[in-house]
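Engineer: sharing a model that was predicted from the sequence below.
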Amino acid sequence: MDDTPPDRLSINQRSPFFQQDLLERGIGIRFKDKVRHDVEEYCISEGWIRVALGKKVDRNGNALTLKLVGPVEAWFERPATEAEQG
């Protein structure tokens, strides 16, 4: 397993960019030189993050999100374990 986070990652299980094993390691996000802990999805190459819009949900119960544009940095909070690397 690589120590570089993927270009795009989402915490929504229905998203094609959801990866449980990477999320378990913890992902840190810096957006516009500020560390964010409320990021639902990010894309480094396109330079955006999605954050929840308070506690508002749509008619299907999904959280409403807001797309913010700017420089994005991502890193892993914990290193990969030996089982994940092998």
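Structural biologist: Arrived safely.
Engineer: mind showing which ranges of the chain have poor pLDDT?
Structural biologist: Scanning the chain for pLDDT under 70 picks out the ranges 1-2, 82-86.
Engineer: show me the strands in it, by range?
Structural biologist: Listed in chain order, the strands of the chain (DSSP state E) span 8-10, 27-31, 34-36, 39-43, 48-57, 63-69, 72-76.
Engineer: any idea which of the ones you listed is most buried?
Structural biologist: strand 39-43 (a mean of 20; mean count of other Cβ atoms under 10 Å). (Glycine included, C-beta is placed from N, CA and C.)
Engineer: could you pick out the longest helix of this structure?
Structural biologist: helix 20-25 (DSSP state H).
Engineer: got the CA positions of that helix in PDB?
Structural biologist: What follows is helix 20-25, C-alpha atoms only, in PDB (Å, rounded to 0.1, in the frame of the first residue of the first chain):
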ATOM      1  CA  GLN A  20     -13.000   1.600   3.400                       C
ATOM      2  CA  ASP A  21      -9.500   0.400   3.900                       C
ATOM      3  CA  LEU A  22      -8.000   3.800   3.200                       C
ATOM      4  CA  LEU A  23     -10.600   5.600   5.300                       C
ATOM      5  CA  GLU A  24      -9.700   3.400   8.300                       C
ATOM      6  CA  ARG A  25      -6.200   4.800   8.300                       C
END
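Engineer: quick check: buried residues in it?
Structural biologist: Under the neighbour-count criterion of 16 or more other Cβ atoms under 10 Å, helix 20-25 has 22, 25 buried.
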